[in-house]
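Asks: Pasting a predicted model and its sequence here:
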Amino acid sequence: MRFGSIARVAAAFAALMMVSTAASAQGAAKKKATIAVSGPPAQIYFLPVVLAKYLGYFDDAGVDVELQHFNAGSRALQAVTGGSADIVAGAYENTVRMAARGQPMQSFVLFGRYPQNVLGISKAEAANYKSPADLKGKQVGITGPGSATQTFLNLILANAGLQPNDVTTITVGAGAVAVAGMKRSGELYAISNLDLAITELSMSGDIKVVVDSRTEEGTKAVYGGDYASGSLYAPVDYVAKNPETAQAIANAMVRTLKWMAKAKPEDIIAKVPEDFYKANPAVYRQALLNNLTSYTPDGLMPAQAPANVLKAMVKFDPEIAAVKVDVAATYTNAFAEKAQAAVK
């Protein structure tokens, strides 16, 4: 073989190797996803999502996840519908609401089996409160319009023979904003909210907890059975077009949930940023104790939960009641089921 031919073969081989190396690098590149979280970073409701990030489990699964935090579920949902985020971490209820609007969303990991919503009565009114019937004509703080905390409040009212318009709801957001809103003297009779706000307010004596869905017993008392709470959901098209990304995220979330099922509060505190608890470590630890059993151990949707969510929402939302919502299309267990085998 002539020298020129050898040189051409060597050059071709080198070029082939460069293409192969580039292709391998591209294949090894991490998938990317932006998750719009429907609450502040320290809110206990979203702990599994935040922990998956800080434990490094998203990275281990091969996905580069950015968390964008909002102070209301509606704003997180707007981030996804507007295209600035891919996935929402929020209440499963929103998949039902969006289905009724003809904008199908699909939950692919359920991380909350108990809703964690709590109704607390202000310290000024607690001594005189006898039952939910006493809420009539009063102002009640919620995280936001159409939120899971409002559905929770509506169900409590219905169980007492009242209608949603028998109270005046005031948006107070979550976290420190909600705490400040409740502490403003005379403005709110009660608050429907989540932790850390609820535990901080109850430990300081600013509220008396009267209805609590952080437990199985409390959830069934209000919702009538299994319920679906915190989930990762996205537009159906996104899940269909990005199954590898959805699977990687599901793997990381299931791994996190399994870790949490065995974790003690001290284990979790060691993994989250100091900012989450340094203002009041006792409140954070107690909030963990109050909520650890509320997370699913496996990311799977219980069989009856979606129907119970729809049943609850139809009672108070004319938009949902006016259409036929196929709840089977609002979730999939396929990714969480596959994750069981991937996560040891």
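Replies: Now that the structure is in, tell me what you want to look at.

Asks: pretty sure Ile156 belongs to a helix, no?
Replies: Yes - with DSSP: H, G, I helix; E, B strand; the rest coil as the criterion, Ile156 is part of a helix.

Asks: My read is that it contacts Gly120, right?
Replies: No - between Ile156 and Gly120 there is no contact under CB atoms under 8 Å: 11.9 Å. Quick note: C-beta positions are derived from backbone N, CA and C, even for glycine.

Asks: so where do the helices sit in the stretch 201-344 of the chain?
Replies: For the stretch 201-344 of the chain, the helices defined by DSSP state H, counting those that start in this stretch occupy 216-223, 236-241, 243-262, 265-269, 281-291, 305-314, 318-321, 334-342.

Asks: Any idea how far stretch 150-158 is from the middle of the chain?
Replies: 19 Å (CA atoms, centre = their mean, to the nearest Å).

Asks: What mean pLDDT does it get?
Replies: If you average the pLDDT over stretch 150-158, you get 94.

Asks: The nearest residue to Ala133 once chain neighbours are set aside: what's it in contact with?
Replies: Excluding the flanking residues, the one nearest Ala133 by CB to CB, 6 or more residues apart in numbering is Ala160, at 4.7 Å. Going by CB atoms under 8 Å, 6 or more residues apart in numbering, Ala160 touches 131-133, 135.

Asks: Mind checking which of these are buried?
Replies: The neighbour-count test (16 or more other CB atoms under 10 Å) marks 132, 135 as buried among the contacts of Ala160.

Asks: Switch the contacts of Ala160 over to CSV, and while doing so, append secondary structure and distance to Glu244 to every line.
Replies: CSV is the format used below for these (DSSP: H, G, I helix; E, B strand; the rest coil; distance: CB to CB, whole Å):
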residue, secondary structure, distance to Glu244
Ser131, coil, 52
Pro132, helix, 47
Ala133, helix, 52
Leu135, helix, 48
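
Asks: Which two among the contacts of Ala160 are spaced furthest apart?
Replies: Within these, Ser131 and Leu135 form the most distant pair, 8.8 Å apart (CB to CB).

Asks: Put together CSV for the helices of the stretch 201-344 of the chain, with mean neighbour count on each row.
Replies: What follows is the helices of the stretch 201-344 of the chain, written out as CSV (neighbours: other CB atoms under 10 Å):
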stretch, mean neighbour count
helix 216-223, 18
helix 236-241, 15
helix 243-262, 22
helix 265-269, 15
helix 281-291, 19
helix 305-314, 20
helix 318-321, 13
helix 334-342, 17
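
Asks: Ok, which of the ones you listed comes nearest Pro40?
Replies: Comparing the helices of the stretch 201-344 of the chain by CB to CB, helix 281-291 comes nearest, at 13.1 Å.

Asks: Name the surrounding residues that touch that closest one.
Replies: 42, 44-45, 47, 116, 195-196, 198-200, 203, 214, 265, 268-269, 276-277.

Asks: Can you flag the buried ones in the residues you listed?
Replies: 42, 44-45, 47, 116, 195-196, 198-200, 214, 268-269, 276-277.

Asks: coming back round to it: possible to save the helices of the stretch 201-344 of the chain as CSV with mean pLDDT and distance to Val140?
Replies: Converted to CSV, the helices of the stretch 201-344 of the chain look like this (pLDDT from 0 to 100; distance: least, CB to CB, whole Å):
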stretch, mean pLDDT, distance to Val140
helix 216-223, 94, 15
helix 236-241, 97, 34
helix 243-262, 97, 31
helix 265-269, 96, 30
helix 281-291, 96, 21
helix 305-314, 94, 18
helix 318-321, 92, 21
helix 334-342, 95, 35
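
Asks: Identify whichever of those helices lies nearest to Ala79.
Replies: Per CB to CB, nearest to Ala79 of those: helix 236-241, 13.0 Å.

Asks: Identify the residues contacting the closest one?
Replies: Helix 236-241 has contacts (CB under 8 Å, 6+ apart) with 86-87, 104-106, 108, 246, 329, 332.

Asks: got it, and stretch 327-339?
Replies: Outside stretch 327-339, the residues touching it (CB under 8 Å, 6+ apart) are 92, 95-96, 99, 104-110, 228, 231, 233, 236, 239, 243, 246-247, 249-251, 253-255, 298-301, 306-307, 309-310.

Asks: ditto for stretch 129-140
Replies: By CB under 8 Å, 6+ apart, stretch 129-140 touches 119, 121, 128, 153, 156-157, 159-162, 166-170, 187-192, 208, 210-211.

Asks: of those, buried ones?
Replies: 119, 121, 153, 156-157, 162, 167, 169, 188-192, 208, 210-211.

Asks: In strands only, show me those.
Replies: Among the buried ones among the contacts of stretch 129-140, DSSP state E puts 119, 121, 169, 190-192, 208, 210-211 in strands.

Asks: Out of the helices of the stretch 201-344 of the chain, which gets nearest to Tyr57?
Replies: Short answer: helix 243-262, nearest of the helices of the stretch 201-344 of the chain by CB to CB, at 4.0 Å.

Asks: Which secondary structure element of the chain has the lowest mean pLDDT?
Replies: The least trusted helix or strand in the chain, going by mean pLDDT, DSSP states H and E, turns out to be helix 3-28, with a mean of 41.
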